[in-house]
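> Any chance you could fold what I've pasted below:
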Amino acid sequence: MSAPFIREARILWDWVDEDSYVRQIGALQSLPLRFSQPITIFVGENGTGKSTLLEAMAVAYGLNPEGGSRNYAFSTHDTHSELHEAMFLERTLGRPWGAFFLRAESFYNVSSASEEYDRWYWDKTRRLHELSHGEAFLAVVEQDFRESGLYFLDEPEAALSVSRQLTLLLQLHRLAKHGAQLIVATHSPVIMALPDAQILRFDEEGIEEVAYEETEAFQTMDLFIRDREGLLRRLLAEE
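Alright, predicted model coming up:
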């Protein structure tokens, strides 16, 4: 296993405004975080700080808040937090081949920008806006992600069917085997199943490393598959 490009992330709290909402996110009080594997997965309920931290790390590394590589400098709606200004990333001596921030909520904007920034690169038959959302998402991973790169992915499952999530899992696994570091925020029990991934669970109490079987996503999916009728009967009876 090659050393990760980012070894640790910490917040310099003196640089965060006293009135900033990020001070109210309990999980962020657990930093610093150490990254021990090529793949790190952030899991937890909505609002626990997964995407906030991932975004801050990506922007602190020099990537565009709405997504893309270092070449992307567009902005359509400035909504990212100021946390990146207080984010310190401890890096190893190795330098990644490239870096990319791939996020579901602003992927349309990245697709538009790619026609300008990457028109020399993309095959004319593979323009992102000519593909479905899921196809375009996978096309970026397949064509723009390279071995020995650093990649931040925010809820990549949002655009993908279950079978395409398995395709993404295979692609990410191959990248990690060939020197890439990937940091992923996800709700998908499929993506969480990436072999040897470091899984970090976010909640109001903090962040802790857990096994795949300890994640709520796995437990809920497992319960649904094993006892779908019973689970639905109990849920519907509560209405």
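> Would you map the strands across the protein?
Taking DSSP state E, the strands of the chain run over residues 6-11, 33-34, 39-44, 87-91, 99-103, 150-154, 181-185, 198-203, 206-210.
> Check whether Met192 really touches Glu216, as I assumed.
No. The criterion here is CB atoms under 8 Å, and Met192 misses it with Glu216 at 10.3 Å. For every residue, glycine as well, the C-beta is placed using N, CA and C.
> Looking at these two, which has the bigger crowd around it?
For Met192 versus Glu216, neighbours defined as other CB atoms under 10 Å are more numerous around Met192 (21 against 15).
> contacting residues around the more buried one?
Residues near Met192 by CB atoms under 8 Å, 6 or more residues apart in numbering: 41, 43, 186, 199, 212, 215, 217-218.
> Ranking by neighbours, what's the top pick from those?
Within the contacts of Met192, neighbour counts (other CB under 10 Å) peak at Val43, which reaches 27 neighbours.
> Around the residue lying closest to Leu83 once chain neighbours are set aside, count how many other residues there are.
Once flanking residues are discounted, Leu83 sits nearest to Ala56: 3.9 Å by CB to CB, 6 or more residues apart in numbering. By other CB under 10 Å, 25 other residues sit near Ala56.
> Then Ser188?
The burial count assigned to Ser188 is 21, neighbours taken as other CB under 10 Å.
> what about the residue nearest to it when sequence neighbours are not counted, distance to Asp144?
Excluding the flanking residues, the one nearest Ser188 by CB to CB, 6+ apart is Glu157, at 3.7 Å. Using CB to CB, to the nearest Å, one obtains 18 Å as the distance from Glu157 to Asp144.
> quick one: which of the two has more around it?
Per other CB under 10 Å, whichever of Glu157 and Asp144 has more neighbours is Glu157, with 23 against 18.
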